[in-house]
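**Q** Provided below are the primary sequence and the corresponding predicted coordinates.
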Amino acid sequence: AGRPPPGLVVPGSEQALQCGTVAHGFGGVRWCGCGSSRLVAFSCKRRGFCASCGGAWMAETSAHLVDHVFPRVPVRQWVMALPIPIRFLIAYNGPLQSAVLKCFIDSVSGHLKRKAKREYSLQSVNQAKPASITSIQRSDSAGKLNIHFHSLFADGVFVEDSSEGPMAFAEVSP
């Protein structure tokens, strides 16, 4: 609309265009055993503009969460994609985005709690405590606006169990 882009857009875009191009910087790797070598192009490390680096960051973050944050329990990823008109409605409306995310988390949590109540004969769904963490992704691999939610949920719930300490994990069927 005749205005210049925000200050961070131009350098970030330029770095993303250079990402993975040997002409813009590289490191040399040589294997001692066989003597072969390879050039490895530098990464721009930009999550916002570079699909390659954003994907690597997402994979590293997910692995960290599963390996170091979540307890050693099965974990399932749930993704909520939204119809295009809703994506635009919530893109710049934080309270509405939070409300939509809350509905999504409450729906999956309620599903896990009801399954646990049924499968473990709990007296109340309130005895079942789901565990999750969500990442809000704002764009697709083409850089288009595409608000969607990636949630990692423990594939079950935690329930109070005095024989095993304060909480025990109860896996639910798929």
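**A** Sure, I can see it. Numbers count the residues shown, from 1 in each chain.
**Q** From here on, just use CA atoms for contacts and neighbour counts.
**A** Fine.
**Q** got the residue ranges for the strands in the protein?
**A** Applying DSSP state E to the chain gives strands spanning 26-30, 37-41, 75-81, 132-139, 145-154, 156-160, 167-171.
**Q** need those in a markdown table with mean pLDDT, can you?
**A** Converted to a markdown table, the strands of the chain look like this (pLDDT from 0 to 100):
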| stretch | mean pLDDT |
| --- | --- |
| strand 26-30 | 78 |
| strand 37-41 | 77 |
| strand 75-81 | 93 |
| strand 132-139 | 88 |
| strand 145-154 | 91 |
| strand 156-160 | 92 |
| strand 167-171 | 91 |
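**Q** nearest to I90, of those?
**A** strand 145-154 (7.9 Å; CA to CA).
**Q** Can you spell out which helices and strands pack onto the closest one?
**A** strand 75-81, helix 84-91, strand 132-139 (3 or more CA pairs under 8 Å, 6 or more residues apart in numbering; DSSP states H and E).
**Q** Skip the chain neighbours and tell me the closest residue to D140.
**A** N146 (5.7 Å; CA to CA, 6 or more residues apart in numbering).
**Q** related to what we said a few turns ago, for the strands of the chain, could you give me TSV that also reports distance to A63?
**A** TSV is the format used below for the strands of the chain (distance: least, CA to CA, whole Å):
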stretch	distance to A63
strand 26-30	25
strand 37-41	23
strand 75-81	11
strand 132-139	13
strand 145-154	11
strand 156-160	19
strand 167-171	21
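**Q** Can I get those in CSV including mean neighbour count and distance to F104?
**A** Below are the strands of the chain laid out as CSV (neighbours: other CA atoms under 10 Å; distance: least, CA to CA, whole Å):
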stretch, mean neighbour count, distance to F104
strand 26-30, 11, 43
strand 37-41, 13, 40
strand 75-81, 15, 7
strand 132-139, 15, 10
strand 145-154, 20, 9
strand 156-160, 21, 17
strand 167-171, 18, 21
